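Chemist: 3D, please:
(one chain, ligands or ions: 1)
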Amino acid sequence: MDDYKTVKQSQTTLTELMIPSYSNFGGKVHGGVILGLMDKVAYACAAKHAGNYCVTVSIDTVNFLAPVEVGELVSLLASVNYVGNSSMVIGIRVQTENVRTQQIKHTNSSYFTMVAMGDDHQPAKVPALILQTQTEIKRFYEAYHRRELTKYYNQEQNRIKNDSELEEAIKIISQERCKIELL
Ligand SMILES: CC(C)(COP(=O)(O)OP(=O)(O)OC[C@H]1O[C@@H](n2cnc3c(N)ncnc32)[C@H](O)[C@@H]1OP(=O)(O)O)[C@@H](O)C(=O)NCCC(=O)NCCS
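Modeler: Predicted structure coming up:
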């Protein structure tokens, strides 16, 4: 019998104040600080769902839509969007709040794939998901679709890596901003 959990049971929010030591030379918060917080909240959400220790196996594209300022409150909202057998896709939305103006800004979103690990240090089965809203159904379906696209993308990447001819590659990249000076 499958064990089930709702999305709500593991939804997690992490809020942190952006302090001056998090800033880069331009005075904005380092992208790496935000990525570290995303990994933390993904872990917390995945571990709550799995009831087990989890590891990060893959991170989807992260586009930084707007800079994060020192002094802002950053909140990271995480939900399990999809589950496989031992893997879980955690959707994370990052938003900032200016405490003086209360303005909320969406700065980035991403999907982290986490795998639950058992006491034997092998991937362990996670509970299936109970989808209770239209949004949860949509997110599950989108993650399923992304997984199929990733499989296709990886196959294409391998094909290019293993089968492409140098002559063909030179022809294609000749339109790009590079100069070939073979030694
Ligand atoms: C996670 C890990 C144990 C998986 O090992 P594996 O030999 O690929 O195991 P499996 O083939 O059984 O895969 C386990 C699950 O991970 C998923 N998976 C593995 N690699 C993946 C990837 N790159 N992207 C998405 N999912 C992946 C598989 O699809 C499978 O999902 P499912 O159980 O839901 O079907 C192994 O890759 C690992 O230890 N990675 C390092 C993780 C880590 O240390 N992270 C922190 C980095 S500092």
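Chemist: for the record, mean pLDDT for the longest strand that the chain contains?
Modeler: If you go by DSSP state E, the chain has its longest strand at strand 104-117. Strand 104-117 carries an average pLDDT of 97.
Chemist: give me the buried positions along that strand.
Modeler: K105, T107, N108, S109, S110, Y111, F112, T113, M114, V115, A116, M117 (16 or more other Cβ atoms under 10 Å). In this view, the C-beta of every residue, glycine as well, is placed from N, C-alpha and C.
Chemist: same thing with stretch 39-54?
Modeler: Here stretch 39-54 shows 39, 41-50, 52, 54 as buried, counting by 16+ other Cβ under 10 Å.
Chemist: reformat those as CSV; add pLDDT.
Modeler: Below are those laid out as CSV (pLDDT from 0 to 100):
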residue, pLDDT
D39, 98
V41, 98
A42, 98
Y43, 98
A44, 98
C45, 98
A46, 98
A47, 98
K48, 98
H49, 98
A50, 98
N52, 96
C54, 98
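Chemist: would you mind listing what in this structure touches the ligand?
Modeler: V55, T56, V57, S58, G84, N85, S86, S87, T113, V115, P123 (Cβ under 6 Å from any ligand atom).
Chemist: 8 Å instead?
Modeler: 55-58, 83-88, 113, 115, 117, 122-123, 125-126, 147, 150 (Cβ under 8 Å from any ligand atom).
Chemist: from the residues you listed, list just the buried residues.
Modeler: Counted by 16+ other Cβ under 10 Å, the residues of the chain next to the ligand give V83, G84, S86, S87, M88, T113, V115, M117, P123, V126 as buried.
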